[in-house]
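A.B. asks: Based on what follows, work out the 3D shape:
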Amino acid sequence: MGADTYKLSYNDLDYSVSVSDIARLEGGNWGTSVIGQPRALEALSMGVAIRAKGYNLFVAGAPGTGRRTAVSQILKDYRPKTLALTDLAYVYDFHAPLAPKALSFPAGNARPFKKAIHEFVERVKKLVGMQSESGEFKKRKQDMVSSHEKAENETLAAFETKLESDGFKIVQVESEGESTTDIYPVFKGEAIPFDQLEAKAAAKEFPQDEVAKLRERYFGHMDSMRAIFIELKRSRGELETKLDGLRRQSMEPLVQAELAELEQRFSGVEQKAWLAELGKDIVNHLYLFQEQEDSTPRRTRRPPLSRYGVNVLVDNG
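C.D. replies: Below is the predicted model:
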């Protein structure tokens, strides 16, 4: 078996260079470039680009194969990419109040964002205070309240007239420091409880059978009074809803104008989306910005505006 056994004809040769190889090698400095071992060179390039700690490069090969030259050349040509540092802050998640929302910022922008939000909230507090003192707002509010109170008084007056025509009167009864509303029968122009009326009936001062009739009508009037109070409570709720709508109507343009300035300063997608949610939440919770007396001890009371605070976690400024 001779060497001719291993000879190849030209038909057995298959030599090809890919387009990517040509693009990579074309115009290269053949005097200094490392030729061959493309996988090894790619591994070296990837290894030196890893920025984490605890990674090492191990180069193996026969002496004289250019190991040192390859490593030196890779290190010489390596240009690390500049990493953009970011700040991180937690804000209130209006859709999931129990879990904060993380916002990222270019380095040095988180603390200015926190300060800007604080100043924004303080401006809204002033705007709400100015709104409550506004003559136009006061007039519109008073008109709505007066209209409601007029309808409420008319309803109560009509019920009292009905009671009076049937021999009853609404009274306020004090019991154990609490005041309750009740209906008493009227005897000789004076409203008295049923136990006194029964005593007078026993003394022949009032017909006994009339006491039973009065008591039966009493329960019907009490049901009517409860129904009226329920309706009045519902109408007061509607009034509060209308007043809240009036506050929102007058405050929303002012809040949006303040937010527009913040959106120009912090124009990231995450920041703008959160600022939009912030504006909606503030308009829907204007009562949080009103001065209210609270008897809860300060150490156990959570500040009502704490939901709008910004907690900076990472500051690369």
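A.B. asks: How about residue 127: what's its closest non-neighbour residue?
C.D. replies: Once flanking residues are discounted, residue 127 sits nearest to residue 254: 5.2 Å by C-beta to C-beta, 6 or more residues apart in numbering. To be clear about C-beta, it is placed using only N, CA and C from the backbone, and glycine gets the same treatment.
A.B. asks: ok, so what distance separates the one you found from residue 67?
C.D. replies: Look at residue 254 and residue 67: by C-beta to C-beta, to the nearest Å, they are 71 Å apart.
A.B. asks: before we move on, what about residue 289?
C.D. replies: From residue 289 over to residue 67 (counting by C-beta to C-beta), the distance is 71 Å.
A.B. asks: Which of these two has more residues huddled nearby?
C.D. replies: Set residue 289 next to residue 67 and count neighbours by other C-beta atoms under 10 Å: residue 289 wins out with 22 against 15.
A.B. asks: who's in contact with that one?
C.D. replies: Contact partners of residue 289, counting by C-beta atoms under 8 Å, 6 or more residues apart in numbering, are 124, 125, 128, 129, 282, 305.
A.B. asks: try 10 Å
C.D. replies: 121-122, 124-129, 131-132, 247, 251, 282, 304-305 (C-beta atoms under 10 Å, 6 or more residues apart in numbering).
A.B. asks: ok, residue 250 - how many residues close by?
C.D. replies: Count around residue 250 with other C-beta under 10 Å applied: 16.
A.B. asks: One more: the one 5 residues further on?
C.D. replies: Other residues lying near residue 255 total 21 when counted by other C-beta under 10 Å.
A.B. asks: ok, now residue 118?
C.D. replies: 14.
A.B. asks: which element is it on?
C.D. replies: Element membership for residue 118, per DSSP states H and E: helix 110-133.
A.B. asks: got the buried residues for stretch 93-111?
C.D. replies: Of the residues in stretch 93-111, those scored as buried under the neighbour-count criterion (16 or more other C-beta atoms under 10 Å) are 101, 103, 105, 109, 110.
A.B. asks: before we move on, the earlier item: what packs against the helix or strand that the helix holding residue 118 is followed by?
C.D. replies: Next along the chain after helix 110-133, taking DSSP H and E as the criterion, comes helix 135-165. Packing partners of helix 135-165 (3 or more C-beta pairs under 10 Å, 6 or more residues apart in numbering; DSSP states H and E): helix 110-133, strand 168-175, strand 178-187, helix 208-265.
A.B. asks: one step back: can you tell me which two in the buried residues of stretch 93-111 are farthest apart?
C.D. replies: 101 and 109 (16.4 Å; C-beta to C-beta).
A.B. asks: buried ones in stretch 161-179?
C.D. replies: 163, 166, 167, 168, 169, 170.
A.B. asks: Need the pLDDT of the fourth one.
C.D. replies: Reading off the per-residue confidence, residue 168 sits at a pLDDT of 91.
A.B. asks: Check the gap between the nearest residue to it once chain neighbours are set aside and residue 219 for me.
C.D. replies: The spatial neighbour of residue 168 that comes closest, neighbours along the chain excluded (C-beta to C-beta, 6+ apart), is residue 183 at 5.1 Å. Using C-beta to C-beta, residue 183 is found at 10 Å from residue 219.
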